[in-house]
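In: Make a model of this:
(chains A, B, C and D)
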There are 2 protein chains.
Amino acid sequence: MTSDICYCSSLRAAERRMTRAYDDALAPSGINVAQFSLLRKIQRNEPASLTRIGEIMDLDRSTVGRNIRVLAKLGLTEIATGEDLRESSVMLTEQGRQTIATALPLWQATQEKIETILGGDMAKALQTLPTAF
Amino acid sequence: MTSDICYCSSLRAAERRMTRAYDDALAPSGINVAQFSLLRKIQRNEPASLTRIGEIMDLDRSTVGRNIRVLAKLGLTEIATGEDLRESSVMLTEQGRQTIATALPLWQATQEKIETILGGDMAKALQTLPTAF
DNA sequence: TCATGATGCGGGCATATACCCGTAAATCGG
DNA sequence: CCGATTTACGGGTATATGCCCGCATCATGA
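Out: As a prediction, this is how the structure comes out:
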């Protein structure tokens, strides 16, 4: 029979641990790793609609909307109405850019730490995992 | 420089996808993969305290408590007071055992599907990932 | 141009998760 | 045996996430 260990539970446990590691590292910047990731996605697609960001990140649109509202509350994003009046046009504020700049080296240090611990093969495999199934 | 791709974000995205896959597969049983995992942990450690389960699953104790209350609401678990009056003594109900029995083949089929897609090496690596860092 | 259908969102509802604080019970020292 | 410390929880607060429903706007075809 196949393994008794649930792949999904393993993945979920690993996700919790790694998220904690990154969140701890990013704490001085005032944002967590999910927010950091979202900010960077916005930066690379500015101005972007919620639906677009959701597609890129494989996140439910409503999740993106809520998460961005949290960032807006922190003063890191601005939400305007697009030409298409149905669309939200999301952009970073200056403070948002600043926060990314602050978080970047913290993130990078964590990346290196994780890369060292996991080893090159595992690290690479991890990066392709989301598209592997 | 190290990779531009965030290991944590990759892991989180993979977790979302895989969780969706398992949740969809388990849907007929009425529980999701997190609940299935928790039920099985309870089963293997019955009767267990919340703290104990939290340690085993590397979950915050308060999270365990809330999640088990959801299971209790579904009639799948019973929560009694232990000898130590501070402790909760968590056990499965008959319906809880029944639900595990229903979910088991659904879970197993998904395990096999995932295993096939990922390949043996990757699958094995995934299982050890939570303890890898 | 106007009815229809498609699209973009917000809000409601629910779960999973973490952290912190306060309370009650158990344990340990003196 | 009693006060101090430790332990086990519950509840509050907050984020992240998904699904569904309803509303407003846009696009399309007759």
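In: Apart from its neighbours in sequence, what residue is nearest the residue most central in space within chain A?
Out: Central residue check for chain A by C-alpha atoms, centre = their mean: the C-alpha nearest the mean position is that of A:Ser37, 2.4 Å away. Distance criterion C-beta to C-beta, 6 or more residues apart in numbering or on different chains; nearest residue to A:Ser37, sequence neighbours excluded, is B:Ser9 at 4.5 Å. C-beta: built from backbone N, CA, C; applies to glycine.
In: what's the weakest-modelled helix or strand in chain A?
Out: Sorting the helices and strands of chain A by mean pLDDT, DSSP states H and E puts helix A:120-128 at the bottom, at a mean of 91.
In: Is any residue of that one near chain B?
Out: Yes - with C-beta under 8 Å from any C-beta of the partner chain as the criterion, chain B is reached by helix A:120-128 at A:Met122, A:Ala123, A:Ala125, A:Leu126, A:Gln127, A:Thr128.
In: how many other residues sit next to A:Cys7?
Out: Careful, residue A:7 is Tyr and not Cys. 26 (other C-beta atoms under 10 Å in any protein chain shown).
In: where are the low-confidence patches of chain A?
Out: For chain A, applying pLDDT under 70 flags the ranges A:1-2.
In: mind listing the strands for it?
Out: Remark: strands assigned in chain A by DSSP state E are A:77-81, A:88-92.
In: Can you give me the distance of A:Ile100 to A:Ile68?
Out: 15 Å (C-beta to C-beta, to the nearest Å).
In: For the least confident helix or strand of chain A, give me every contacting residue.
Out: Residues outside helix A:120-128 that contact it (C-beta atoms under 8 Å, 6 or more residues apart in numbering or on different chains) are A:114-115, A:118, B:3, B:5, B:7, B:10-11, B:14, B:122, B:125, B:129, B:132.
In: buried residues in it?
Out: Using 16 or more other C-beta atoms under 10 Å in any protein chain shown as the test for burial, helix A:120-128 gives A:Met122, A:Ala123, A:Ala125, A:Leu126, A:Gln127.
In: for stretch A:41-56, same thing?
Out: Those would be A:Lys41, A:Ile42, A:Pro47, A:Ala48, A:Ser49, A:Leu50, A:Arg52, A:Ile53, A:Gly54, for stretch A:41-56 by 16+ other C-beta under 10 Å.
In: State the pair within those residues that is farthest apart.
Out: Using C-beta to C-beta, the buried residues of stretch A:41-56 span at most 14.9 Å, a distance reached by A:Pro47 and A:Gly54.
In: what's the nearest residue to A:Tyr22 once chain neighbours are set aside in contact with, if anything?
Out: Excluding its sequence neighbours, the residue lying closest to A:Tyr22 (C-beta to C-beta, 6+ apart) is A:Val33, at 3.8 Å. Applying C-beta under 8 Å, 6+ apart to A:Val33 gives the contacts A:Thr19, A:Tyr22, A:Asp23, A:Leu26, A:Trp107, B:Cys6, B:Cys8, B:Ser9, B:Arg12.
In: can you tell if the longest helix belonging to chain A touches DNA strand D?
Out: Using DSSP state H, we find that the single longest helix of chain A is helix A:94-118. No - Helix A:94-118 does not reach DNA strand D (C-beta under 7 Å from any atom of the strand); its nearest approach is 12.6 Å.
In: near DNA strand D, which residues of chain A show up?
Out: Contact residues (C-beta under 7 Å from any atom of the strand) of chain A with DNA strand D: A:32, A:34-35, A:38, A:58-60, A:62-63, A:66-67, A:70, A:73, A:84-86.
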